[in-house]
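Sequence and predicted model, in that order:
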Amino acid sequence: MDPLKHQKTEVDDLFHESRRFEPSEIFKSHANYKDIKIYQDANHDRLKFWEDCARRLEWFVPWTKTLQWDRPFAQWFVGGRINASYNCLDRHIKANMGNKVAFYWEGENGDTQILTYQDVYEQVNKMASVIKGLGIKKGDRVAIYLPMIPEAVVAMLACSRIGAAHTVIFGGFSADALRDRINDAQAKLLITADGGYRRGNIVPLKTIADAAVEQTPSIKDVIVVQRTKQEVPIKSGRDHWWHDLAKTAKTYCEPEPMESEDLLFILYTSGTTGKPKGIVHTTGGYLTGVTATTYSVFDLKPNDIFWCTADVGWVTGHSYVVYGPMANGATQVIYEGAPDFPERNRFWKIIEKYKVSILYTAPTAIRAFMKWGEEYPKGCDLSSLRLLGSVGEPINPEAWMWYYEYIGQKRCPIVDTWWQTETGCIMITSLPGMTTMKPGSATKPLPGIDAEILNEEGEVIKEGGGFLSITSPWPSMLRGIWGDPERYKQTYWSKWQGKNYFAGDGTKRDKDGYFWFLGRVDDIMLVAGHNISTAEVESALIDHPMVAESAVVGVTDDIKGQAIVAFVILKEKNKSSKEAEEILKEHVALKIGSLAKPKQIIFTADVPKTRSGKIMRRLLRDIAEGRALGDITTLADPAVTAALKQKYDEV
Ligand code: ATP
Ligand code: MG
């Protein structure tokens, strides 16, 4: 039996396969892509499609071969030479766009900065000169551990300017996590800050970094950006204040003409399912993928104000704060802090203030906004918005509707974008000016992307559930796991004997060819011989007006093999009770069928999440089965999980 075979039950009504939304006529008529021909053309000649995308960039030397595919190792635009920082900066300056705003930056404490492309260009050139002066060469790795301040973007582009690979470590990670990533990448230089602001507190980045660097022999120098101005220890010879170095830095640094396949960065995955993997991305193909999709998926126009709320520590920040939008010359907002500081309307205030037209955020944030209530967005002017995006997890249909109604005010299409650190760019989502939306579905693969749902044997499932696979190489695909080619083959290419890429996500396709994400393959539950998807049960729970968020897991059960345990976060106005538990169990039974009825519901204020905000069901399984917790290095708030474990053990 195919373990993922989708049970066709009333769940299809829950997911409203037939519920559809169209972009408005105004949106359609102005959209960058409105003709189905783009799919047909890409289908007809995929390589030509990607060549056209690559030509949107400036190459120092044109490529001689578009794709060299030695399964599972791809090379794109072979022989071409290109520089990422040049394409994000110099090209716009030459086109007289130096005065265009690149970033409206807002600090959590209310500080602001406005940086034009010229400003960013100057800073990047200085930082590139400085790090080159510290002996960093092409191919060396530089670790970046910064808050969401403009210098984070500057540091990344300074590395790519000189051909050094960056590895950005999210500013919320601990000393151990930072140390492990630096050691894995063998970085020579660390760029950090004295501290950063989070919910009104200072995160002591330099102190954490000092602890990490004690055990990272490869680090020779540390550049420290001043943000919070608190006292921090400076070790002479090793540590250098950025503002001191900048004073005497050369103002121009020649961009390195990189081979298309030269390393651009290493980035560790979120660690939702296990030990993080150092994903390797190279220059030409990656830049092609992110530049093309920023333009197509976000329907980007020269006067848009684009706000992707992701931190640069995640792939979303790499692809849709730094490289994609900047290669397109976009004007963006970046915000340093938390969405509820000082008030729960901070995001909406920022949108009102900067007249943000495109908002790209995560389901975890949307569910938090739902929990807090719609009075917060209602009090702000959101009329500048014209397009919304979602990334990171499946967006539950209820959350989609809330986002559509209260944030987009039924005016803005939503792009639900499925992709991974490994894919580099968005893979499955709508083109907002031409795709009919179905809430909860990421819709269809983008032009140029071949994605299928396969069964255990690797056969294509046209309608029904199975494993998501990408069946042709794409330019921004990962080139490997840093230092571990075996793990690369094992993780992504062993399922179907090296033939197709295994994404690790359970997915189904409906009769219209729409893709619906069901949950991680590792998390799928097997109850009395039937596969039940985490996303479906969670969405059934969230469908109930009392519920803000939920996470479900399958635990060993003598009779059924596995039984469902649901962790439920109620909206703030609701109270947990035995009665509420029964109501919710019945609600799931009604929506999906009695098979999916949870055996137990645990009310909780929070569930374990990665630092990028994704639910870690594997830890919930550990809790529910009374085991010690597995790898928690990527866990956002260990206290939440410890409290939950204690509560569960008592029950
Ligand atoms: P690890 O690989 O270490 O477990 P991770 O998979 O969470 O971590 P990321 O690369 O940040 O690391 O996340 C990619 C995953 O996020 C996808 O494989 C998928 O499970 C989920 N995801 C992202 N966007 C969507 C979306 N729009 N719909 C459904 N799932 C999504
Ligand atoms: Mg993953």
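Ah, there it is. Ligands and ions are numbered 1, 2, ... in the order given.

tell me the pLDDT at the residue of the stretch 301-450 of the chain found nearest ligand 1?
The stretch 301-450 of the chain approaches ligand 1 most closely through residue 421 (3.4 Å), counting by Cβ to the nearest ligand atom. The way it works is simple: take the backbone N, C-alpha and C, and place the C-beta from them, glycine included. Looking at residue 421, its pLDDT stands at 97.

How about the one 3 residues further on?
The predicted local distance difference test score for residue 424 is 98.

Do I have it right that it meets residue 283?
No: using Cβ atoms under 8 Å as the test, residue 424 is too far from residue 283 to be in contact (11.3 Å).

And those two? Which one has more around it.
Taking other Cβ atoms under 10 Å, residue 424 and residue 283 do not tie; residue 424 has more neighbours (31 against 27).

contacting residues for the more buried one?
Listed by Cβ atoms under 8 Å, 6 or more residues apart in numbering, the contact partners of residue 424 are 281, 285, 286, 289, 290, 315, 319, 476, 477, 478.

Residue 144: which of those is nearest?
Checking the contacts of residue 424 against residue 144 by Cβ to Cβ gives residue 315 as the nearest, at 14.0 Å.

And the furthest pair within the contacts of residue 424?
Longest distance between any two of those is 14.8 Å, between 285 and 315; criterion Cβ to Cβ.

More neighbours: those two, which one.
Ranked by neighbour count (other Cβ under 10 Å), residue 285 and residue 315 place residue 285 first, with 30 against 27.

I'd like to know how far that one sits from ligand 1.
For residue 285, the distance to ligand 1 (Cβ to the nearest ligand atom, to the nearest Å) stands at 18 Å.

And for residue 173?
Counting by Cβ to the nearest ligand atom, the separation of residue 173 from ligand 1 is 14 Å.

Just confirm that residue contacts residue 610, I think it does.
No: taking contacts as Cβ under 8 Å, residue 173 lies outside contact range of residue 610: 10.7 Å.

Identify the contacts common to these two.
residue 634.

ok so, going back, and the residue nearest to the residue of the stretch 301-450 of the chain closest to ligand 1 when sequence neighbours are not counted, what does it touch?
Sequence neighbours aside, residue 315 is the residue nearest to residue 421 in space, at 4.2 Å (criterion: Cβ to Cβ, 6 or more residues apart in numbering). The contact partners of residue 315, taken as Cβ under 8 Å, 6+ apart, are 267, 279, 419, 420, 421, 424.

Dump these into CSV; add secondary structure as well.
Listed next are these as CSV, based on DSSP: H, G, I helix; E, B strand; the rest coil:
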residue, secondary structure
267, strand
279, strand
419, coil
420, coil
421, coil
424, coil
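
Could you tell me how many residues sit around the residue of the stretch 301-450 of the chain closest to ligand 1?
Counted with other Cβ under 10 Å, residue 421 comes out at 21.

Near ligand 1, which residues of this structure are found?
269-274, 276, 315, 391-394, 416-418, 420-421, 442, 503-505, 517, 520, 612, 614 (Cβ under 6 Å from any ligand atom).

In strands, which of the residues you listed fall?
Judged by DSSP state E, strands contain the following of the residues of the chain next to ligand 1: 416, 503, 504, 505, 517, 520.

residue contacts, residue 54?
Contacts of residue 54 (Cβ under 8 Å, 6+ apart): 63, 77, 80, 284, 288, 475.

Please report how far it lies from ligand 1.
24 Å.

With residue 234 instead?
From residue 234 to ligand 1 the distance is 34 Å (Cβ to the nearest ligand atom).

List the contacts of that residue.
224, 241.

show me where pLDDT drops low in this structure?
1-16 (pLDDT under 70).

Could I get the phi/psi values of the residue of it most remote from its centre?
What lies farthest from the middle of the chain is residue 559; by Cα atoms, centre = their mean that is 38.9 Å. Main-chain torsions, residue 559, degrees, to the nearest 10: phi -90, psi -50.

Identify the residues contacting it.
Contacts of residue 559 by Cβ under 8 Å, 6+ apart are residue 528.

repeat for the one 10 residues further on
In this structure, residue 569 makes contact with 371, 547, 548, 549, 550, 603, 604, 605, 606, 607, judged by Cβ under 8 Å, 6+ apart.

buried sites along the helix or strand where it lies?
Taking DSSP states H and E as the definition, one finds residue 569 inside strand 561-570. Counting neighbours by 16 or more other Cβ atoms under 10 Å, one finds that the buried residues in strand 561-570 are 562, 563, 564, 565, 566, 567, 568, 569, 570.

ok, now stretch 107-121?
Buried, per 16+ other Cβ under 10 Å, within stretch 107-121: 107, 108, 115, 116, 117, 118, 119, 120, 121.

where's the fifth one relative to residue 95, distance?
Right, the one you point to is residue 117. 10 Å (Cβ to Cβ, to the nearest Å).

what's the overlap in contacts for the two?
Joint contacts of residue 117 and residue 95 (Cβ under 8 Å, 6+ apart) are residue 329.

helices or strands up against the longest helix anywhere in the chain?
What stands out as the longest helix in the chain, according to DSSP state H, is helix 117-133. Applying 3 or more Cβ pairs under 8 Å, 6 or more residues apart in numbering; DSSP states H and E, we find helix 117-133 packed against helix 91-94, strand 101-106, helix 150-162, helix 242-248.

Give me whichever of those is most buried.
Of the helices and strands packed on helix 117-133, the one with the most neighbours on average (mean count of other Cβ atoms under 10 Å) is helix 150-162, at a mean of 27.

Contacts only, for whichever residue of the stretch 501-650 of the chain sits closest to ligand 1.
Closest residue of the stretch 501-650 of the chain to ligand 1, Cβ to the nearest ligand atom: residue 517 (3.6 Å). Applying Cβ under 8 Å, 6+ apart to residue 517 gives the contacts 394, 418, 442, 468, 505, 506, 507, 535.

if we go to 10 Å?
393-395, 416, 418, 428, 440-442, 468, 503, 505-508, 533, 535 (Cβ atoms under 10 Å, 6 or more residues apart in numbering).

Please name the spatially closest residue to it (chain neighbours excluded).
residue 394 (4.3 Å).

Over to residue 613?
residue 364 (3.7 Å).

tell me which element that neighbour falls in.
Going by DSSP H and E, residue 364 is in helix 363-372.

quick one: contacts for residue 295?
Contacts of residue 295 by Cβ under 10 Å, 6+ apart are 32, 33, 53, 56, 301, 324, 325, 327, 328, 330.

wait, I meant residue 601
Neighbours of residue 601 in contact, by Cβ under 10 Å, 6+ apart: 541, 547, 550, 552, 564-568, 576, 578, 580-585, 588.

swap in residue 427?
289, 293, 417-420, 442, 445-446, 448-451, 468, 470, 474, 476-477, 503, 515.

Over to residue 172?
Counted by Cβ under 10 Å, 6+ apart, residue 172 has contacts 147, 196, 198, 203, 205, 208, 311, 313, 611-612, 634, 636-637.

ok, 6 Å please
By Cβ atoms under 6 Å, 6 or more residues apart in numbering, residue 172 lies in contact with residue 611.

is it fair to say it lies in a helix?
No: the assignment for residue 172 (three-state DSSP) gives coil, which keeps it out of a helix.

in the longest helix of the chain, what counts as buried?
117-132.

what does that helix rub up against?
Here helix 117-133 has contacts from 89, 92-93, 97-98, 100, 102, 154, 157-158, 161-162, 245-246, 249-253, using Cβ under 6 Å, 6+ apart.

The spatially closest residue to residue 545 that is not a sequence neighbour: how many residues sit nearby?
Excluding its sequence neighbours, the residue lying closest to residue 545 (Cβ to Cβ, 6+ apart) is residue 571, at 7.6 Å. By other Cβ under 10 Å, the residues close to residue 571 number 16.

With adjacent residues omitted, what lies nearest to residue 78?
In space, residue 78 is closest to residue 65, 4.1 Å off (Cβ to Cβ, 6+ apart).

And the strand holding residue 569, how far out from the chain middle?
When distances are taken as Cα atoms, centre = their mean, to the nearest Å, strand 561-570 is centred 26 Å away from the chain's centroid.

now do stretch 64-81
26 Å.
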